[in-house]
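Peer 1: Please find the sequence and the predicted model below.
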Amino acid sequence: MNRRDLITLFGGIAVAWPFRAPAQQADRAPVIGLLHSGSPEQNRGRLAAFRKGLSEAGFVEGQNVSIEYRWAAGQNDKLPALAADLIRRQVNVIATPGSTDAALAAKAATATIPIVFAAGSDPVALGLVPSLNRPGGNVTGVTSLNTDIVAKRLEIMHELVPQAARYFALVNPRSVLAEPFVRDLEAGAASLGIHIEILPASTAAEVDAAFAQVPQQQPATVLLVNTDAFFFSRRTEIVVLAAGHQLPVMYDNREYPAAGGLVSYGADFFNVMQLAGVYTGRVIKGQKPADLPVMLATKYEFVINLKAAKTLGISVPLMLQATADVVIE
């Protein structure tokens, strides 16, 4: 598997952007409002990557920029109120790195304060921007949009567990990413002659119930977990459930295999967060989101945990290991 560079599209036009409200003092350091549907404890690595991007743009938290954090802790219905609170705080820019639901809440709350997102789906289809090249409004950011990702995850699982007879997918129906994921999943499954059974879950109890529905016909049953902030916040519990049910599971990012999960394929989220930090810094410096094309992440990671595979009784083909970006032993 070839590792590709990120298409940064950093050719925006530098123009003045008023990032202080009249009531704010001219000598005050700019303020970033960071809005997220998850929790800080579960996003430490991603926050570090976001801050790294900020530093590349010339901003260091606590020195020449401050950050107001608003976390929904898995309760997306709180996002509108949290967004409104940031607007009252008169932040200079709202950043929603790694939280598509937060980006939509921010966009619904303001048409004037700049917004920088990092989304895992098509921002045009979601209504965040009218165009990737010409965002046009107060919103821009980074997307890991790739319609082939879900199909690739299915292909990997088909190769890893060729005798699998049933495929399940854990999906949070309350997430804006659920519908596009299911659509892409069904299209990819049709091309492979696979039938997908959807397991909806948006609470801890429903996640437990979903795993209980999967028959233990190992190794003839596999599961895919959709990209979702709630699932990510409970990744340790989900990995433990998968191990307890002796279930091969495909995840969307490296932090699941790092926690003991079997395999993941998806965008390098740390780079995506870093780029979101760079864009946030560029907006603070004065560039308008309307003039900053949405960046397309084209760097993806394939991670295999051989220890988890051995526990499941799965022999990972050497060719598959050779194509992995990271092999955990």
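Peer 2: Thanks, I have the structure now.

Peer 1: Could you use CA atoms for every contact and neighbour count after this?
Peer 2: Will do.

Peer 1: Tell me how many other residues surround A324.
Peer 2: 18 (other C-alpha atoms under 10 Å).

Peer 1: Per-residue pLDDT of it, please?
Peer 2: At A324, the predicted lDDT confidence score is 96.

Peer 1: do the one 4 residues further on as well
Peer 2: Predicted confidence (pLDDT) for I328: 97.

Peer 1: Quick one: neighbours of the nearest residue to it once chain neighbours are set aside, just the number.
Peer 2: Distance criterion C-alpha to C-alpha, 6 or more residues apart in numbering; nearest residue to I328, sequence neighbours excluded, is N305 at 4.5 Å. Here the count is done by other C-alpha under 10 Å, and N305 has 23 residues near it.

Peer 1: pretty sure N305 is touching E329, no?
Peer 2: Yes. With contact defined as C-alpha atoms under 8 Å, N305 counts as touching E329 (6.3 Å).

Peer 1: So in this structure, which helix runs the longest?
Peer 2: With secondary structure taken from DSSP state H, the chain has its longest helix at helix 269-285.

Peer 1: counting contacts, what elements does that one pack onto?
Peer 2: Packed against helix 269-285 by the contact rule (3 or more C-alpha pairs under 8 Å, 6 or more residues apart in numbering; DSSP states H and E) you find helix 44-56, strand 93-97, strand 115-119, strand 139-143.

Peer 1: Which elements pack onto the longest one?
Peer 2: Using 3+ C-alpha pairs under 8 Å, 6+ apart as the contact definition, the elements that helix 44-56 packs against are helix 269-285.

Peer 1: hmm, who's touching the helix it packs on?
Peer 2: With contacts defined as C-alpha atoms under 8 Å, 6 or more residues apart in numbering, helix 269-285 is touched by 17, 19, 30, 45-47, 49-59, 92-93, 95, 97-98, 114, 116-118, 141-144, 253, 289, 297.

Peer 1: after it, next one along is what?
Peer 2: strand 295-296 (DSSP states H and E).

Peer 1: average pLDDT across that next one?
Peer 2: 90.

Peer 1: Test my guess that P248 contacts S264.
Peer 2: No. Using C-alpha under 8 Å, P248 makes no contact with S264, being 11.1 Å away.

Peer 1: Overlap in contacts, those two.
Peer 2: Counting by C-alpha under 8 Å, 6+ apart, nothing touches both P248 and S264.

Peer 1: Which residue ranges of this structure form strands?
Peer 2: Secondary structure of the chain by DSSP state E: the strands cover 31-36, 66-71, 93-97, 115-119, 139-143, 166-171, 196-200, 221-225, 249-251, 263-267, 295-296, 300-305, 326-328.

Peer 1: Provide the strand pairings for the third one, with the direction of each partner.
Peer 2: Using DSSP bridges, strand 93-97 pairs in its sheet with strand 31-36 (parallel), strand 115-119 (parallel).

Peer 1: List the contacts of the residue nearest to I328.
Peer 2: Shown in contact with N305 (C-alpha under 8 Å, 6+ apart): P257, A258, G260, G261, L262, V263, V327, I328, E329.

Peer 1: can you do 6 Å?
Peer 2: P257, L262, V327, I328 (C-alpha atoms under 6 Å, 6 or more residues apart in numbering).

Peer 1: likewise A324?
Peer 2: F302, V303.

Peer 1: So it versus E301, what's the distance?
Peer 2: 8 Å (C-alpha to C-alpha, to the nearest Å).

Peer 1: cool, and M250?
Peer 2: As judged by C-alpha to C-alpha, M250 and E301 stand 13 Å apart.

Peer 1: Please identify which of those two sits among more neighbours.
Peer 2: M250 (25 against 21).

Peer 1: Show me what that one bridges to in the sheet.
Peer 2: Counting by DSSP bridges, M250 is bridged to L224, V263.
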